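[1] I'd like to go over a predicted model; first the sequence, then the structure.
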Amino acid sequence: MVFCVLLLGLSLTSSAQDPKRQYKNAREFFMSGKYNLAMESFKPLLAYDKNNPYSEYASFYYAQSALRLNYYAVAKDMLLQIKKLYPSWDQLNEVNFWLAKIYFEQREYFQGMYILQEVKQEDFIDAEQMAKMKRRYLTQISDPEILNMMWEEYPEDAEVGKSLALAISKQPYAQQDKIMLDSVINHFSLSREQFSSASTSLPVFKDPYNVSVLFPFLVANLEPSPSKKQNQLVLDLYEGMRIASDTLNKKGIHINLLAYDTERNPGELEKSKTVMKNLLNTEELKNTDLIVGPLFPEETKLVQEFSEKYQINMINPVSYNSDYLGQNPFALLFQPSLETMGVKSAELLCARTKNKNCIVMYGDKPKDSIMAANFSSRAKELGLNIVWTEEFSKETASRIISILATPTEFDEFKNPKQFQLAIDSIGSIFVASDDPLVYTKVISSVETRGDSVLIVGSESWLDNTSVDLTKYERLHVMFLAPTYTPLRQPSFVDFRRKFIKTHGSFPSQYMNYSKLGYDFMMFTGHALQKYGVYFQEGLIRDGLLPGWLTKGYRLTNHRDNQEVPFIYFHHGELNSIE
């Protein structure tokens, strides 16, 4: 495999260091997160030599470095080599654990299960850790037949049984194998209520529908002034929903929009949980038709349990975090998940670039690494060559310029004409970050290079007033844009008019939460009217349901929106990429 350091023309000249010092330096690179440098430093120590007592450990950390860079094939090959060359090494337990994880990541589920059988429980790896790994990956399998074959092979594995029951319960009611589901539930003494969706799959129509909104309105702290509030985004989101509810009611789709204040305050999380528990104990919520929210992770688990127990759909209109879904078949994301956005970005770049060399740069937030990892995984499946991938923080963001725009040659006017990373040597850069310290340096570097690199980033960049929007058009930047709305479409013009009539002005930001709330509520109201309370069955069956301001909503068994628009500037206006 040709690593990014070779592409960049970088080389680590290995001085005549003794193995102990070489290993110490390599470990320091690894511990500080400089995995490319760690791999190069461990490389001279891989071969067995009587003067080198570090070959096993160097091989293991070389594989760990490759794993953190998402070089799964390289990591797998090295771990298999360790098993072959050092069959009696006392760290083989960890080797097998990480090897199983790689097989799961590559969707080789049976091989992953087989390797996990070789892992013995010890201080570093206990039963819960192995169960958690199986749970994470097996619940991604949507085909019950695959899990049924796995159950035949591992008849007493509870995680296999739970995943099989979950996969069956997620299927349309008419396709569910009720006999198999009953067999699994009885064998593992599972909660029948959790996996039985018979009562939810038949259409349930009502008039009106009660939609309960669990938002941190912070009513006790609100002041009657025009100044921006601490939770302004929440208030804007709800205002958009309220305007949509009025519009729906005039069209004969009757929605009772019920607002509940979760009082969530960052400094009083325990109090917020108590408030949420009290809300969930009310009879009114137990009989609602749809829960919107909650918006914050620490509140989600309580509502998930409530949603499953009373078989009430819950949906988050703004989150991209698939943790909101859990294993709850009644939980939905209105937005595409981070995983989906990473996958769709890879598919876009694969379709639109001739040069298949790609760089992945991402921020230090968990959501950034999730999106980057899913992009890289899908990109490699499609044939994109990930030549460099790196995480950047506020302290390390300056490295972006040195990677992309370090000049090696100048013209007669002292302008750079060649770079350490050669012009046109890469075709695209995927930037998984909404941190200006990261993406502005990518934009500046590509502008300096002047080559044909395609950039894919986030629509949130469009609210950064320090960046001249004409740069995006010059550089052909493409944006992941789940909330994109064509400003000339009649439905948006109508909404804008209604908003101005009520409030006297309209928000100028691109990321407009009142607009998002309006589109969400219009979609939800029409979905309830067309499909009933459990509208996910109809959405899965019929495919794309058009949005009112955005492109639309496409639900699958993933339970997040699979419709991911991309946009770009053309003649100063934003357009969608078909």
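    The structure has been received and is ready for your questions.

[2] For the residue most central in space within the chain, list the residues it contacts.
    By C-alpha atoms, centre = their mean, the chain has its centre lying nearest to residue 338, at 1.7 Å. Counting by C-beta atoms under 8 Å, 6 or more residues apart in numbering, residue 338 makes contact with 320-322, 367, 370-371, 374. For every residue, glycine as well, the C-beta is placed using N, CA and C.

[3] Neighbour-wise, give me the winner out of these.
    Of all these, residue 371 has the most neighbours under the rule other C-beta atoms under 10 Å, reaching 29 neighbours.

[4] pretty sure it is touching residue 340, no?
    No: in terms of C-beta atoms under 8 Å, residue 371 does not count as a neighbour of residue 340; the distance is 9.4 Å.

[5] Which pLDDT value does the model give the nearest residue to residue 158 once chain neighbours are set aside?
    Leaving aside its chain neighbours, residue 158 sits nearest to residue 188 (5.4 Å; criterion: C-beta to C-beta, 6 or more residues apart in numbering). As predicted, residue 188 sits at a pLDDT of 92.

[6] Identify the farthest-apart pair in the contacts of residue 338.
    321 and 374 (13.0 Å; C-beta to C-beta).

[7] Now distance to residue 128 too, for the contacts of residue 338, in a markdown table please.
    Output for the contacts of residue 338, formatted as a markdown table (distance: C-beta to C-beta, whole Å):
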| residue | distance to residue 128 |
| --- | --- |
| 320 | 28 |
| 321 | 23 |
| 322 | 21 |
| 367 | 25 |
| 370 | 22 |
| 371 | 27 |
| 374 | 25 |
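
[8] follow-up on the earlier one: and the residue nearest to residue 158, backbone torsions?
    Note on residue 188: its backbone torsions stand at phi -100, psi 10 [degrees, to the nearest 10].

[9] swap in residue 543?
    According to degrees, to the nearest 10, residue 543 has phi 80, psi -140.

[10] Number the chain from 506, please
    Shifting the count to begin at 506 puts that one at residue 1048.

[11] which non-adjacent residue is nearest it?
    Setting aside the residues directly before and after it, residue 1048 is nearest to residue 1059 in space (C-beta to C-beta, 6+ apart), at 6.0 Å.

[12] so residue 991 sits in a helix?
    No: under DSSP: H, G, I helix; E, B strand; the rest coil, residue 991 falls outside any helix and is assigned coil.

[13] distance of the nearest residue to it once chain neighbours are set aside from residue 1072?
    The shortest distance from residue 991 to any non-neighbouring residue, by C-beta to C-beta, 6+ apart, is to residue 997 (6.9 Å). Counting by C-beta to C-beta, to the nearest Å, the separation of residue 997 from residue 1072 is 15 Å.

[14] and if you look at residue 881?
    23 Å.

[15] Looking at those two, which is more packed in?
    Shown here are residue 881 and residue 1072; by other C-beta under 10 Å, residue 881 has more neighbours (24 against 20).

[16] In contact with that one, which residues?
    Counted by C-beta under 8 Å, 6+ apart, residue 881 has contacts 575, 847, 851, 865, 891, 894.

[17] what's the next secondary structure element after whichever strand or helix holds residue 738?
    Using DSSP states H and E, residue 738 sits in helix 737-755. Next along the chain after helix 737-755, taking DSSP H and E as the criterion, comes strand 760-766.

[18] Can you tell me which helices and strands the helix or strand following that following strand packs against?
    Per DSSP H and E, strand 760-766 leads on to helix 774-785 as the next helix or strand towards the C-terminus. If contacts are counted by 3 or more C-beta pairs under 8 Å, 6 or more residues apart in numbering; DSSP states H and E, helix 774-785 sits against helix 802-815.

[19] Just want the angle from the helix it packs on to helix 774-785.
    Taking axes from the mean of the first three to the mean of the last three C-alpha atoms, to 10 degrees, one finds helix 802-815 and helix 774-785 inclined to each other by 20 degrees.

[20] CA atoms only for the helix or strand just after helix 802-815 - export them in CSV, please.
    Note on helix 802-815: by DSSP H and E, the next helix or strand toward the C-terminus is strand 818-821. C-alpha atoms of strand 818-821 as CSV (Å, rounded to 0.1, in the frame of the first residue of the first chain):
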residue,chain,number,x,y,z
ASN,A,818,-42.8,7.2,17.8
MET,A,819,-40.1,9.7,18.8
ILE,A,820,-38.3,11.8,16.3
ASN,A,821,-35.5,14.4,16.5
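
[21] ok, the closest residue to residue 1069 other than its chain neighbours - contacts?
    Once flanking residues are discounted, residue 1069 sits nearest to residue 849: 4.2 Å by C-beta to C-beta, 6+ apart. Taking C-beta under 8 Å, 6+ apart, we find residue 849 in contact with 841, 985, 1069, 1071.

[22] Check which helix or strand residue 849 maps to.
    If you go by DSSP H and E, residue 849 is part of helix 843-857.

[23] Regarding residue 913, what are the backbone dihedral angles?
    According to degrees, to the nearest 10, residue 913 has phi -120, psi -20.

[24] what's the answer for residue 935, then?
    Dihedral angles (degrees, to the nearest 10) for residue 935: phi -100, psi 120.

[25] so who does it touch?
    850-851, 854, 863-866, 877, 880, 884, 961.

[26] low-scoring stretches of this protein, by residue?
    For the chain, the stretches flagged by pLDDT under 70 are 506-522, 628-629, 677-680, 701-707, 730-732, 771-772, 1062.

[27] Could you list the domains of it?
    509-594, 649-700, 709-840+991-1049, 843-985 (automatic domain parsing).

[28] rewinding a little: mind listing what's buried in the helix holding residue 849?
    843-855 (16 or more other C-beta atoms under 10 Å).
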